[in-house]
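Fold the following and give me the result.
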Amino acid sequence: MSVLGPHLTIDGYDCPRSKLEDLELIYQVLDEFPAKIGMTKIMPPYVFRYYGKIPEKWGLSGFVLIAESHISIHTFPEGKFLSVDIFSCTRFNPEEATSFIKETFGIKRLETNLIERGRDYPFDLTKAQIINLEERRAIASK
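I've put the predicted structure just below:
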């Protein structure tokens, strides 16, 4: 079965707070990580500090768009937690990606999930045209 690509999620617990509040570290990871896993960065990373209504829920969020999709990092320094998403329409090694993130952020305990996305992605152009026509008819009938 063909799929569009893998989506790896990494939840890291008991991370050193200093790494989770280091905006430069997150920028550097998002800047260099795509090439490490064979992806193509198509824009500079965007990283910002977020302060919400609940003071202890502050953190840093960063994104980088890659030709193959995206990579995001969200940190919650007060909870010593981070969340990383890597979605790509090109295969990559999830174990190597996880190992790099674990080592870089000093993760003591982690959870990972790997899902295959786009199971019905129309790799066949004829099939894609049929799907597009069906969608247009459905929209037009509303």
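
How much space separates Q28 from T126?
In this view, Q28 and T126 are 45 Å apart by Cβ to Cβ, to the nearest Å. The C-beta positions use only the backbone N, C-alpha and C, and glycine is treated the same way.

next one: M39
Going from M39 to T126 by Cβ to Cβ gives 30 Å.

Looking at these two, which is more packed in?
The neighbour comparison of M39 against T126 (other Cβ atoms under 10 Å) goes to M39, with 21 against 8.

Show me the beta-bridge partners of I10.
Legend: beta-bridge partners of I10 under DSSP bridges are V84, T112.

give me the number of residues near it?
Neighbours of I10 using other Cβ under 10 Å come to 22.

what's the single longest helix in this protein?
helix 125-140 (DSSP state H).

Can you name the helix or strand that the nearest residue to K36 once chain neighbours are set aside falls in?
Computed as Cβ to Cβ, 6 or more residues apart in numbering, the closest residue to K36 that is not its neighbour in sequence is F100, at 6.3 Å. Using DSSP states H and E, F100 sits within helix 94-105.

can you list contacts of that helix?
Residues outside helix 94-105 that contact it (Cβ atoms under 8 Å, 6 or more residues apart in numbering) are 6, 8, 10, 12, 15-16, 19-20, 25, 29, 33, 36-37, 82, 84, 86, 107, 110, 112, 114.

Likewise for stretch 64-74?
5, 26, 29-31, 33-34, 39-46, 59-63, 82-90.

which of those are buried?
5, 26, 29-30, 33-34, 39, 41, 45, 59-60, 62-63, 82-88 (16 or more other Cβ atoms under 10 Å).

Return the subset of the residues you listed lying in helices.
Assignment to helices by DSSP H places the following of the buried ones among the contacts of stretch 64-74 there: I26, V29, L30, F33, P34.
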